[in-house]
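[1] Provide a 3D model corresponding to the input given below.
(one chain, ligands or ions: 1)
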Amino acid sequence: MSVPAEEPGNPAHAIFERFLRAGECQEVLGSFLELCQQLGLQGTGLQLYHGLKAALNYWNAKALWSKLDKKAGHKDYDQGTACAGTKCLVVGAGPCGLRAAIELALLGARVVLLEKRDSFSRNNVLHLWPFTIHDLRALGAKKFYGRFCTGTLDHISIRQLQLILLKVALLLGVEVHINVRFESLVPPTGKAGGWQAVLQPSSSPLTHYEFDVLISAGGGKFVPEGFKRKETRGKLAIGITTNFINRHSRAEVEVAEISGVARIYNQKFFQNLYNKTGIDLENIVYYKDDTHYFVMTAKKQSLLTKGVILQDKADIESLLAPDNVNRDALLSYAKEAANFSTNYCLPELEFALNHRDLPDVDMFDFTCMTRSENAALVREHNGSRVLLGLVGDCLVEPFWPLGTGVARGFLAAFDAAWMVRRWAAGTPPLDVLAERESIYQRLSQTSPDNTHKNVSQYSIDPATRYPNINLQAIKASQVRDLYLVGMVE
Ligand code: FAD
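    Numbering: from 1, shown residues only. Take a look at the predicted model:
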């Protein structure tokens, strides 16, 4: 049977094509709204997805539907009924919040996602493990971003990843609201009411949204009340990230990427760098995407000698405080390191700009990494329960030069979706929590080597991803303190 081609005169087709190509967060949301208005579609959830599919029946759209249908047909979702009737609130449109929202939508839940910003501005590039590449391809990543992981490339800029996932989430009926900040939980007032949220602005109609599940994916700094964080203090680690404009010229294309050179593996490279420039690094990574992106771990003494850090201080916060950093010297340091490590073959390195229209160079402290003690908890008030789960950087903060953030973030997003599935199936809350903590124990040790190799079989079911996982490693009796009864403190 022949598939209709895009009809040049069909406005819905033109809007859909614009939506697929949209390169800014607001443009994605605007074109999607326009598309739904053009097609007269109003629903949410998978009902909206089916409406779109029926209305957009030409080749390019159909190619995407066939991918998403294949995904949605997985047995874990029970044909989109596994979580029908469950209402979820997801905080944060970073890669992990969006990825979790997609799974919850496929399970048939109602999913409302809040994002406090209105743009995706991070040029920095994320390393992808094989399973994340496979996963994103299965969600149709190439339809939205043709350059996605071409050839042997295994990375993507944070903003491109967010754009892809935002588009998939919208198509699957996730309700996305930007410029809305989640502040805290509001317990139900009467016997019949449900859990709500305090939001900024307080005039947002979503303050009346009642939900059974809150997935918090607000990044490194944000966790809802009730979760305890623990810090791991390692040896001093100062990370520098920088982005340069990629003009995609032939000379730039030919420069080889550096997928991670650590000092222990290539002492000569680092010694030469030091002898020639005075720059002393532990490691360096270089990836190409929309920009030329470098991330490196620099030794404190060389930052002092090169005048990047003005005065030595005992505590890392004061050491890297803006008034103790010479920004111009930092730019020169980053540029010199980039030039040396690419053999001076990248012509005319010019800084890309960040969201503040400043050269995109930053210095970060990785000495102290935080993680949450627990991945989930339940609150009960007036007989009404809410399940809270963390995913992404707010669960476990990643060390960027190792590129663990989005890989472990996606694993946690799948684990959280599995937990919501169990919750929706009526599993006793302590059993849900015990199972979630049993799985969480594994997360920080995961690598591409100790997770299942057959990535095409990955699903939200933990057994498809973690070899020999014991879902009862932690018993219900050990997680009683994760079931909190009474008011939010
Ligand atoms: P994030 O990507 O941080 O997303 C969290 C989202 O939640 C944000 O959009 C935020 O605006 C929103 N949010 C937060 N609080 C609220 C709230 N209360 N209400 C509503 N919305 C809220 N990793 C690397 O591997 N390499 C890098 O070079 C690198 N650079 C980074 C640069 C920056 C500035 C940051 C912040 C992170 C960087 N990371 C990097 C980490 C990487 O981005 C994450 O590991 C990855 O994006 C997955 O994170 P996430 O989705 O959990 O959180």
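
[2] Help me see whether the helix or strand residue 333 falls within makes contact with the ligand, please.
    Per DSSP states H and E, residue 333 falls inside helix 327-341. No. Using C-beta under 6 Å from any ligand atom, helix 327-341 stays clear of the ligand, with a minimum separation of 12.6 Å. C-beta: built from backbone N, CA, C; applies to glycine.

[3] would you put the C-alpha positions of that helix in CSV?
    Output of helix 327-341 as CSV, limited to C-alpha atoms (Å, rounded to 0.1, in the frame of the first residue of the first chain):
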residue,chain,number,x,y,z
ARG,A,327,37.6,35.3,34.0
ASP,A,328,39.9,36.5,31.2
ALA,A,329,42.6,34.2,32.5
LEU,A,330,40.1,31.3,32.7
LEU,A,331,39.1,31.9,29.0
SER,A,332,42.7,31.9,27.9
TYR,A,333,43.4,28.7,30.0
ALA,A,334,40.5,26.9,28.4
LYS,A,335,41.3,28.0,24.9
GLU,A,336,45.0,27.1,25.2
ALA,A,337,44.1,23.6,26.5
ALA,A,338,41.6,23.2,23.6
ASN,A,339,44.2,24.3,21.0
PHE,A,340,47.0,22.1,22.4
SER,A,341,44.9,19.0,22.7
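
[4] Quick check: the residue of the stretch 151-300 of the chain nearest the ligand.
    Ranked by C-beta to the nearest ligand atom, the top residue of the stretch 151-300 of the chain for proximity to the ligand is residue 219, at 2.7 Å.

[5] Quick one: distance of the helix holding residue 333 to the chain centre.
    On the basis of C-alpha atoms, centre = their mean, to the nearest Å, helix 327-341 sits 28 Å off its chain's mean C-alpha point.

[6] Stretch 402-420 now?
    Relative to its chain's centre, stretch 402-420 lies at 9 Å (C-alpha atoms, centre = their mean).

[7] Enumerate every residue touching the residue nearest to the spatial centre of the chain.
    In the chain, the C-alpha closest to the average C-alpha coordinate belongs to residue 95, at a distance of 2.1 Å (C-alpha atoms, centre = their mean). For residue 95, the contacting residues are 126, 158, 161-162, 165, 392, 406, 409-410, by C-beta atoms under 8 Å, 6 or more residues apart in numbering.

[8] The stretch 51-200 of the chain: strands as residue ranges?
    Assigned by DSSP state E, counting those that start in this stretch, the stretch 51-200 of the chain shows strands spanning 87-91, 110-115, 125-127, 155-157, 175-178, 181-186, 196-200.

[9] Now those in CSV, please, with extra columns for mean pLDDT.
    Below are the strands of the stretch 51-200 of the chain laid out as CSV (pLDDT from 0 to 100):
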stretch, mean pLDDT
strand 87-91, 98
strand 110-115, 98
strand 125-127, 93
strand 155-157, 94
strand 175-178, 98
strand 181-186, 96
strand 196-200, 97
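
[10] winner for burial among those?
    strand 87-91 (a mean of 27; mean count of other C-beta atoms under 10 Å).

[11] Could you tell me which strands sit next to it in the sheet, and their orientation?
    strand 110-115 (parallel), strand 213-216 (parallel) (DSSP bridges).

[12] With the ligand in mind, check whether the first one reaches it.
    Yes. Shown here: strand 110-115 in contact with the ligand (C-beta under 6 Å from any ligand atom) through 114-115.

[13] What are the contacting residues of that strand?
    With C-beta under 8 Å, 6+ apart, strand 110-115 has contacts from 44-45, 86-93, 97-98, 101, 104-105, 169, 173-182, 199, 206, 209, 211.

[14] Mind pulling the model confidence for the residue lying closest to residue 362 once chain neighbours are set aside?
    Of all residues not flanking residue 362 in the chain, residue 241 sits nearest, at 5.2 Å (C-beta to C-beta, 6 or more residues apart in numbering). Looking at residue 241, its pLDDT reads 97.

[15] State the number of residues packed around residue 241.
    Neighbours of residue 241 under the rule other C-beta atoms under 10 Å: 21.

[16] Just the closest residue of the stretch 251-400 of the chain to the ligand, please.
    Closest point on the stretch 251-400 of the chain to the ligand, by C-beta to the nearest ligand atom, is residue 392, at 2.0 Å.

[17] and the residue nearest to that residue when sequence neighbours are not counted, how many neighbours?
    Excluding the flanking residues, the one nearest residue 392 by C-beta to C-beta, 6+ apart is residue 96, at 2.9 Å. Neighbourhood size, residue 96 [other C-beta under 10 Å]: 30.

[18] show me what contacts residue 96?
    217, 391-393, 406, 409-410, 412-413.

[19] Residue 145: neighbouring residues, count only.
    Quick note: residue 145 (other C-beta under 10 Å) scores 22 neighbours.

[20] mind pulling up the phi and psi values for it?
    phi -140, psi 90 (degrees, to the nearest 10).

[21] got a winner among the contacts of residue 96 for most neighbours?
    residue 391 (32 neighbours).

[22] Surely that one is in contact with residue 409?
    Yes. At 6.4 Å, residue 391 and residue 409 qualify as touching, with contact defined as C-beta atoms under 8 Å.
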